[in-house]
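> coords below, sequence missing:
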C-alpha cells in the first residue's frame, strides 16, 4: 500500500486494463517481495528452527523485525561466511512473487469463468453461496496450482535464505540420535550454494527431481485442510439457508 501511494504503480487492476497498467501492477508485486525479503528470511528461520534450540523469549514479531534489519544491514548477527548477500536473492524472490501472482490470478479467472459458464441458472447476488463461495473456491484453486508449479523455485529460495544462518533443523527422515534414548536428531544447514542457478543445478544433480519437492506433503496437507474447511463451511451454510427457508 505504501509503495503504491508513493509511486504510480497501481495496486489493483481495473476491469479493462492496459499493458502499461499490467506491467506496473506486476512490478509492484515484485517490489513488495523485495522489500519484505529480509523479514521473510528471518521468519523462515523461526519456522524451520528445531524446538530443541528454539528460544521462546526471542521469537516474537519485534524480534523478527530486528532480525530482518540485521540481515538487511549485515551487522550484529552470528552468521557464517556461507551467508549469501540479499542482493543475490532479490531477483529470484521478485520472480517468484510475480509468477505466483500471475498464475494464481489466471487460474482464478478461468475457474470463475468455467463456473459461470456451467451454471444452468443465473447467480443470485443475495445468496451467499453464489456471492462468495465461487470466488473462495477459485482463489483456493489458483493458489494451489501456483504453489505446485512454483514449489521447486520456492525450495531453492528457502535453501538459499537459510544458508549460512547457523540454523538447526530436525532430521525429518525419521533418524534418531544413537545413545541418547532415542531422541530426535537435529542437523545444521550446511549447504554451499553460490547462487540461485547453481542451487537449482546442484539439487537436480545430487537429488534428482524429487529433491525439488521435499516437503511437498506439508503443502498437500495444508490445501487439503483448507479445501475441507471450505466444503464444510459451504455445507453448513447451505443447511442454515434451507432451515431459514423452511421457517
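Noted; the coordinates are in hand. Note that this is a predicted model, so its numbers are computed, not measured.
> mind checking how far the closest residue to residue 42 other than its chain neighbours is from residue 165?
Leaving aside its sequence neighbours, residue 42 sits nearest to residue 67 (C-beta to C-beta, 6 or more residues apart in numbering; 3.7 Å). In short, each C-beta sits where N, CA and C put it, glycine included. Noted for residue 67: a distance of 9 Å to residue 165, by C-beta to C-beta, to the nearest Å.
> and residue 144, what does it touch?
Counting by C-beta atoms under 8 Å, 6 or more residues apart in numbering, residue 144 makes contact with residue 223.
> and whatever helix or strand residue 197 lives in, which residues are buried?
Using DSSP states H and E, residue 197 maps to helix 196-206. By 16 or more other C-beta atoms under 10 Å, the buried positions in helix 196-206 come out as 196, 199, 200, 202, 203.
> neighbours around residue 151, how many?
16 (other C-beta atoms under 10 Å).
> and for the closest residue to residue 171 other than its chain neighbours, the neighbour number?
Spatially, and ignoring its direct neighbours in sequence, residue 171 is nearest to residue 185 (4.2 Å; C-beta to C-beta, 6+ apart). Residue 185 has 16 neighbours, counted by other C-beta under 10 Å.
> what stretches of the chain score poorly on pLDDT?
53-61, 75-79, 120-126, 128, 172-184, 244-247 (pLDDT under 70).
> strands of the protein, start to end?
Along the chain, counting by DSSP state E, strands occupy 168-170, 186-188.
> can you redo these as TSV with distance to residue 89?
Conversion of these to TSV gives the following (distance: least, C-beta to C-beta, whole Å):
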stretch	distance to residue 89
strand 168-170	19
strand 186-188	20
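> just put these in TSV and tack on mean neighbour count.
As requested, the strands of the chain are arranged in TSV below (neighbours: other C-beta atoms under 10 Å):
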stretch	mean neighbour count
strand 168-170	15
strand 186-188	14
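> mind checking which of these is nearest residue 81?
strand 186-188 (14.4 Å; C-beta to C-beta).
> which other helices and strands contact the helix holding residue 197?
Helices and strands touching helix 196-206, by 3 or more C-beta pairs under 8 Å, 6 or more residues apart in numbering; DSSP states H and E, are helix 87-118, helix 151-162.
> out of those helices, which one sits most buried?
For the helices and strands packed on helix 196-206, the largest average neighbour count (mean count of other C-beta atoms under 10 Å) is found in helix 151-162, namely a mean of 20.
> what does that helix rub up against?
Contacts for helix 151-162 (C-beta under 8 Å, 6+ apart): 40-41, 44-45, 48, 84, 88-89, 92-93, 95-96, 99, 147, 189, 191, 193, 195-196, 199-200, 203, 211-216, 219.
> and stretch 25-37, by the same measure?
3-4, 7, 9-13, 17, 40, 86, 89-90, 93-98, 101-102.
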